[in-house]
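Trainee: Fold the following and give me the result.
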Amino acid sequence: MTYAEAIQFLYGLQLFGAHFGLERTCKLAALAGDPQEKLRFIHVAGTNGKGSTCAMLESLYRAAGRRVGLFTSPHLVSFRERMQVNRQLVSEADVTRLVAEIQPLLRQFPAAAHPTMFEVVAVMALKYFAEQKCDLVIWETGLGGRLDATNIVTPLVSVITNIAFDHQQWLGDTLEKIAAEKAGIIKPGVPVVTATDAPEALCVIDKTAREKNAPLTIVTAKQIESRLAGTFAPPMLGEHQKLNATLALATVEVLQKQIPVSAENLRAGLAAVNWPGRLQLVRKPNGQKILLDGAHNVAGAETLRAALGKDFAGIRPVFIFGALADKKWPGICRVLAPLAAKVFTVPVTSERTAKAGELADYICSAIPPAAATACDNLADALIACKDEPFVVITGSLYLVGEALEQLGCSPAGGGERGLNEWVAPQIPR
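Mentor: Just a heads-up that it's a prediction; the model follows:
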């Protein structure tokens, strides 16, 4: 088997869709020897900030000399981003081997109960991290938490970054319902740390933690100054990243007796954090600045707006915007379009893309005096913006990944972004 053939096999698993529940993942993990039993985890859920918080935790523990696995999704360019050890992407050879080794196990499932791609990849990652003898795995949920495939592990600590509206068609149409799904990662007696500030969501998390005797630590924006105290600050744009850093530091503090991290390691770890595609500033040789940010829901758009107001005050950027049709893109447009000198809308490289013309028409009609022009693709939009001093590319992580490739900031992934595609049914209540 070649790497290309392994990727094609994973593409083939998309035929099985996306299903919620832990039975298939548990069975597949058992057939693989239950590799999760050999590992320690920090399990991270939440609406926004999961990836950044995971990157910070990984960097903090790696700075302390630990061998750290990192499991995240979706990937921006290459599938290999999903499994990293000490921030080294899993090799093509290991992906190929892991696929070959898991194929015989999949034959033990009937077609009606075949594991989905995400379930297969989760077990591949567990197997890989166990082989790599990771001291700790930073383990990000895919969608929700309660019935997400990642929830077969019992972590040292559970982290819930925040609760906002996203994926309502699957997680529920109220913050309480969404919080109940995210709080499903809380395990009996296992500490939980959260930066959730929505009262109705926090009430659900607190109730779940009390029912499971899980000690709860709540991180608030008021703690940022005292916890970060000068030298403790991530090299990332946006005030929200300071809150994510505060959450990460609080998590380390909860685990300090089990996995000690010195103050010096904390400073070094935060200073070295790198997480592409989230308020990532690219400077081109001609002096042009391009800001990349995957603001794919209204809360993310509001965070981007706040960052632009603080870090780029007085500048009206040109926006390149593309979104998935199943996202609440009108709300995102209402937040961001008024900030723009003009907007170029583009399709996202996904079957679920919103049409560029539809996006532009909405912006022009619903958000005057904002002006928007539809482009056939990102390349055309970049050409149209080539003389603009400041450009913001946002709306979808798919679009951000494509931009990273076209701007030469990431190696080509051979079209692997398509592996992020999925269709989810209603989560059972």
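
Trainee: Need the contact partners of stretch 76-83.
Mentor: By CB atoms under 8 Å, 6 or more residues apart in numbering, the residues outside stretch 76-83 that reach it are 7, 10, 69-73, 75, 89-92, 95, 121, 124-125, 128-129, 276-277, 397, 400-401, 404-405, 410-414, 416-417, 419. No exception for glycine: its C-beta is placed from N, CA and C like everyone else's.

Trainee: Which of the three states applies to the residue nearest the centre of the chain?
Mentor: Closest to where the C-alpha atoms of the chain average out (CA atoms, centre = their mean) is Gly51, at 4.1 Å. Three-state assignment for Gly51 (DSSP: H, G, I helix; E, B strand; the rest coil): helix.

Trainee: same deal with Leu13?
Mentor: Applying three-state DSSP: Leu13 is helix.

Trainee: can you give me the strands for the protein?
Mentor: Using DSSP state E, the strands of the chain run over 41-45, 68-71, 83-85, 88-89, 136-140, 157-160, 192-194, 216-218, 280-283, 289-293, 318-321, 342-345, 372-374, 390-394.

Trainee: Dump those strands into JSON lines; add mean pLDDT as well.
Mentor: Below are the strands of the chain laid out as JSON lines (pLDDT from 0 to 100):
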{"stretch": "strand 41-45", "mean pLDDT": "98"}
{"stretch": "strand 68-71", "mean pLDDT": "98"}
{"stretch": "strand 83-85", "mean pLDDT": "98"}
{"stretch": "strand 88-89", "mean pLDDT": "96"}
{"stretch": "strand 136-140", "mean pLDDT": "98"}
{"stretch": "strand 157-160", "mean pLDDT": "98"}
{"stretch": "strand 192-194", "mean pLDDT": "98"}
{"stretch": "strand 216-218", "mean pLDDT": "98"}
{"stretch": "strand 280-283", "mean pLDDT": "94"}
{"stretch": "strand 289-293", "mean pLDDT": "96"}
{"stretch": "strand 318-321", "mean pLDDT": "98"}
{"stretch": "strand 342-345", "mean pLDDT": "97"}
{"stretch": "strand 372-374", "mean pLDDT": "97"}
{"stretch": "strand 390-394", "mean pLDDT": "98"}
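
Trainee: Tell me where this protein is predicted with low confidence.
Mentor: With pLDDT under 70 as the threshold, the chain has low-confidence stretches at 166-170, 230-232, 411-415, 422-429.

Trainee: run the last query once more with 50
Mentor: Of all residues in the chain, those with pLDDT under 50 make up the ranges 426.

Trainee: quick revisit: the strands of the chain: which one's closest to Arg267?
Mentor: Taking CB to CB, strand 68-71 is the member of the strands of the chain nearest to Arg267, at 17.4 Å.

Trainee: could you dump the closest one to PDB, C-alpha only?
Mentor: C-alpha atoms of strand 68-71 as PDB (Å, rounded to 0.1, in the frame of the first residue of the first chain):
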ATOM      1  CA  VAL A  68       3.300  14.800  24.000                       C
ATOM      2  CA  GLY A  69       0.800  13.500  21.500                       C
ATOM      3  CA  LEU A  70      -1.700  16.000  19.900                       C
ATOM      4  CA  PHE A  71      -4.900  14.900  18.200                       C
END
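
Trainee: What values do phi and psi take at the residue of the chain most remote from its centre?
Mentor: Distance from the centre of the chain peaks at Pro369, with 33.1 Å (CA atoms, centre = their mean). Backbone torsions of Pro369, given as degrees, to the nearest 10, read phi -90, psi 20.

Trainee: Please spell out which residues along stretch 191-209 are buried.
Mentor: Buried positions in stretch 191-209, judged by neighbour count with 16 or more other CB atoms under 10 Å: 191-196, 198, 201-202, 204-206, 208-209.
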